[in-house]
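Q: Please find the sequence and the predicted model below.
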Amino acid sequence: MFKKPSRQPIAHGDLVLKDALKDMGRHLEQPMRRAFLQRTLSLGGLSLLSGCGIVEESDVENALMKVSRFNDKAQAFLFDPNRLAPTYPDSMITRPFPFNAYYGEDEIREVEEEGYRLEVTGLVADKHAWTLAELRAMPQTDQVTRHICVEGWSAIGKWGGVPFSSFLRRVGADLNAKYVGFKCADDYYTSIDMPTALHPQTLLTLTYDGQPLPPRYGFPMKLRMPTKLGYKNPKHIQAIFVTNTYPGGYWEDQGYNWFGGS
Ligand SMILES: Nc1nc2c(c(=O)[nH]1)N[C@H]1C(S)=C(S)[C@@H](COP(=O)(O)O)O[C@H]1N2
Ligand SMILES: [Mo]
């Protein structure tokens, strides 16, 4: 199991409860834990609850889904748009930084810079497609933060690019919309809540460790959010859309918690 990143000093008593609630949520997210719950619940708890011996697998799925949806709401409610994730000195960068995707390293997607256009659609005023040069022309910043993957590892990396809130304002996005969705060159997809999209550390990422983002880490562009778990950080982004219709995600649609806070 992964280690929690060190947290900033606790300023108020209620933050302790906040962290405890978040931890509860994180435990429920873990697929192993989920499988365990599924087994124990189907043998005991749910059969008692439903008053008969035979419990449909789908009932268990539904019950767990409800817990996860409740958990999304709790995390959204507790999310503090001004609370920053920890940052680290360059000397703490994990080398080499791990690669992860739903496929192996031999299948890393190679997206060509020439011809690349970032599609921007949905609830935005300016729907023009962006070249990489246009993205690089916007003001850039960088951050050294910890990436936490539910598969049981975490690592510190350095990412640079355009603050996502500047980008959303630039394209005239409806900042009151509920979701921002992402479609990737490798058929991965995910979506996030607007408060996280506007968080000061959420970065439309063009570089890794001062160099153009290599294919393994998501060339030409990824979204980096130190406030969310690894699977919420889409690589090889091809399209961004702003919407009020729940877009789901590759892992989220298979039972991972949607909010996915870290
Ligand atoms: N397009 C795309 N983005 C993705 C994934 C993927 O398979 N495809 N995997 C996610 C998961 S589970 C993790 S942990 C991180 C891994 O990022 P890294 O290769 O930069 O370490 O990418 C996330 N974003
Ligand atoms: Mo992950």
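A: Perfect, I can see it now. Ligands and ions are numbered 1, 2, ... in the order given.
Q: contacts, neighbours, all on C-alpha from now
A: Will do.
Q: what are the ranges of the helices in the protein?
A: In the chain, the helices defined using DSSP state H lie at 13-29, 31-43, 45-50, 57-78, 132-136, 164-170, 194-197.
Q: I'd like to know which of those has the weakest mean confidence.
A: Of all these, mean pLDDT reaches its minimum on helix 13-29 (a mean of 46).
Q: Quick one: residues contacting Pro214.
A: Pro214 makes contacts with Thr207, Tyr208, Pro220, as judged by C-alpha atoms under 8 Å, 6 or more residues apart in numbering.
Q: next one: Asp142
A: Applying C-alpha under 8 Å, 6+ apart, we find Asp142 in contact with Lys158, Trp159, Gly160, Gly161.
Q: what pLDDT does it get?
A: 97.
Q: Give me the distance between it and ligand 2.
A: Separation of Asp142 from ligand 2 (C-alpha to the ion, to the nearest Å) stands at 22 Å.
Q: what does His147 give?
A: Going from His147 to ligand 2 by C-alpha to the ion gives 9 Å.
Q: beta partners of that residue?
A: In this entry, His147 is beta-bridged to Ala155, by DSSP bridges.
Q: Am I right that it is in contact with Thr227?
A: No. In this structure His147 lies outside contact range of Thr227 using C-alpha atoms under 8 Å: 9.0 Å.
Q: start to end distance for stretch 209-218?
A: For stretch 209-218, the separation between the terminal residues is 13 Å (C-alpha to C-alpha, to the nearest Å).
Q: Pull out the buried residues from stretch 105-117.
A: Judged by neighbour count using 16 or more other C-alpha atoms under 10 Å, the buried positions of stretch 105-117 are Ile108, Arg109, Val111, Arg117.
Q: for Gly249, phi and psi?
A: Backbone torsions for Gly249, taken as degrees, to the nearest 10, come to phi -170, psi 170.
Q: hmm, back to that, what's the closest of the contacts of Pro214 to Gln238?
A: Top of the list for closeness to Gln238, among the contacts of Pro214 and by C-alpha to C-alpha, is Pro220 at 8.8 Å.
Q: Leu206 is in contact with the closest one, correct?
A: Yes. Counting by C-alpha under 8 Å, Pro220 does reach Leu206; the two are 6.7 Å apart.
Q: Now for those two: what residues contact both?
A: Joint contacts of Pro220 and Leu206 (C-alpha under 8 Å, 6+ apart) are Pro212, Leu213.
Q: And for the residue of the stretch 101-250 of the chain found nearest ligand 2, nearest residue in space, chain neighbours not counted?
A: For the stretch 101-250 of the chain and ligand 2, the shortest gap (C-alpha to the ion) falls at Cys149, measuring 3.9 Å. Setting aside the residues directly before and after it, Cys149 is nearest to Gly230 in space (C-alpha to C-alpha, 6 or more residues apart in numbering), at 4.7 Å.
Q: quick one: the one you found from ligand 1, how far?
A: Counting by C-alpha to the nearest ligand atom, to the nearest Å, the separation of Gly230 from ligand 1 is 4 Å.
Q: Alright, calling it a day.
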